[in-house]
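# got a predicted model here, sequence first, then my questions.
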Amino acid sequence: MLRQFELLDKVKAYEPNIDEQALNKAYVFSMKAHGSQKRASGDPYFSHPLEVAGILADLKFDSNTIVTALLHDVVEDTKYGLKDIKSNFGEEISSLVDGVTKLSKLEGRSDSFNQAENFRKLLLATSDDVRVLFVKLADRLHNMRTINFIKDEDKRRRIANETLEIYSPIAERMGMQEIRSELDDLCFKILEPGIRDSIIQRLNLLRNQDENILKPTIIKLNELFYKHKIKCQISGREKKPYSIWKKMKVKSVNFSQLSDIMAFTILLEDLENCYQVLGLLHQAYRYVPGRFKDYIAIPRTNGYQSLHTSLIGPHGIPVEIQIRTKEMDQMADKGVAAHWLYKEPGDNGTTAQLRARKWMQSLG
């Protein structure tokens, strides 16, 4: 469990002018409010809002979002009400906590209305301030990380299904791929443990083979770009088990027929280099027809930008290549949350909030 000074240090690392008094006050207030309450794991209940605050601090959200995370279950689960939050922490925090509380009341009711309606309700509830939804996603992520402590298997499956059908798609729609991917895998582990284990075993068998492809391929690509004086970062990764399973179902193929389990990402300094690198790759290697997508010229609705292509790589094996700038990569992983990473010096978060709200409204 994060300690008080550890959370403070996390936030101060990216927000040096943080209101330390407010954050410390929220920490103590929440801890006392939840008192002797316990989670299913037996841990103090306060460990949950603290971990939610830690998740959001890792995403570098403003201090008011962190304070909201610490207080997000106070109104619903303790004797304190919204008036207590307002009198102690002000109008903005009170409004954010109220928004999270309203979203929490929708949980467990997914059977009574369909996914699309859930999605609209959630977006509508966060239309005034998208930080409400960020807190709720972090809340669900921590609950999924600790779901195995719930003894009732039916309840675990219900929560996992709700997460997979509602929260994971919202995270994806917002471009928060890191959170979406982890939510997917945690749900997959609950809902289809046998299939997941089988895919992981196949991945483990391939990993040694991929190691013999991964490093030499990166070396060859670096040699190509070095000749043309292009600075870049190249990394390789394998698809997650749930992503593999979805692709197998959509394409009606088995594991061995998938050609893009291993993919490479090339990060560059500017947009012009992205298209230059694409041209060099297509000149050096035979590309797979129909697999090129330009998400830079035509971004996905969640703001994702990247060039995608598939090649017969240096070792005669099909590989997927993604090409984008470093800033695009932040958006690829964190989506709208990445707006908080690009605050100007001295910006208290207001500009980031406006950018995020405008971005959310553009989703339509």
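All right, it came through fine.
# return the distance of stretch 323-332 from the chain's centre.
Relative to its chain's centre, stretch 323-332 lies at 14 Å (Cα atoms, centre = their mean, to the nearest Å).
# list the contacts of that stretch.
Among residues not part of stretch 323-332, those counted as contacts by Cβ atoms under 8 Å, 6 or more residues apart in numbering are 175, 177, 233, 265-271, 273-274, 277-278, 296, 303-309, 338, 341-342. No exception for glycine: its C-beta is placed from N, CA and C like everyone else's.
# filter these down to the buried ones.
175, 177, 265-268, 273-274, 277-278, 296, 303-309, 338 (16 or more other Cβ atoms under 10 Å).
# let's see which of the residues you listed end up in strands.
265-268, 307-309 (DSSP state E).
# will you turn those residues into JSON lines that also has distance to Leu186 and pLDDT?
Shown next, in JSON lines, are these (distance: Cβ to Cβ, whole Å; pLDDT from 0 to 100):
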{"residue": "Thr265", "distance to Leu186": "24", "pLDDT": "95"}
{"residue": "Ile266", "distance to Leu186": "30", "pLDDT": "96"}
{"residue": "Leu267", "distance to Leu186": "28", "pLDDT": "96"}
{"residue": "Leu268", "distance to Leu186": "33", "pLDDT": "96"}
{"residue": "Leu307", "distance to Leu186": "30", "pLDDT": "96"}
{"residue": "His308", "distance to Leu186": "27", "pLDDT": "95"}
{"residue": "Thr309", "distance to Leu186": "31", "pLDDT": "94"}
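# tell me the one of those residues nearest Lys12?
Relative to Lys12, the closest of these is Leu267; by Cβ to Cβ it sits at 28.0 Å.
# ok, how many other residues are close to Val250?
Counted by other Cβ atoms under 10 Å, the residues lying close to Val250 total 8.
# and the residue most central in space within the chain, what pLDDT?
For the chain, the residue sitting closest to the mean C-alpha position, by Cα atoms, centre = their mean, is Ile179 at 2.5 Å. Ile179 carries a pLDDT score of 91 in this model.
# same deal with the one 4 residues further on?
The per-residue pLDDT reported for Leu183 equals 97.
# that one sits in which helix or strand?
Per DSSP states H and E, Leu183 falls inside helix 177-191.
# which of the residues in the longest helix seen in the chain are buried?
Secondary structure of the chain per DSSP state H: the longest helix is helix 193-227. By 16+ other Cβ under 10 Å, the buried positions in helix 193-227 come out as 196, 199, 202-203, 206, 210, 213-214, 217-218, 221, 224-225.
# got a list of contacts for whichever helix or strand comes after it?
Downstream of helix 193-227, the first helix or strand assigned by DSSP H and E is strand 232-238. Residues from elsewhere that reach strand 232-238 (Cβ under 8 Å, 6+ apart): 203, 206-207, 210, 214, 217-218, 221-222, 225, 261-268, 273, 277, 326.
# cool, and stretch 287-302?
172-175, 259, 271, 274, 281, 304-312, 318, 320, 324, 328, 335-336, 363-364.
# ends of that stretch, how far apart?
With Cα to Cα, to the nearest Å as the measure, the ends of stretch 287-302 fall 27 Å from one another.
# got a pLDDT number for Arg173?
Arg173 is assigned 79 on the pLDDT scale.
# per-residue pLDDT of the nearest residue to it once chain neighbours are set aside, please?
Nearest non-adjacent residue to Arg173, counting by Cβ to Cβ, 6 or more residues apart in numbering: Asn302, 5.5 Å away. The model reports Asn302 with a pLDDT of 72.
# what values do phi and psi take at Asn302?
Main-chain dihedrals, Asn302, degrees, to the nearest 10: phi -90, psi 10.
# what of Leu311?
Backbone torsions for Leu311, taken as degrees, to the nearest 10, come to phi -130, psi 160.
# contacts only, for the residue lying closest to it once chain neighbours are set aside.
Spatial nearest neighbour of Leu311, chain neighbours left out: Tyr285 (4.3 Å); criterion: Cβ to Cβ, 6+ apart. Tyr285 makes contact with 311-314, according to Cβ under 8 Å, 6+ apart.
# for Lys79, grab the count of nearby residues.
Neighbour number of Lys79 under other Cβ under 10 Å is 8.
# report the separation between it and His34.
10 Å (Cβ to Cβ, to the nearest Å).
# swap in Leu280?
For Leu280, the distance to His34 - Cβ to Cβ - is 57 Å.
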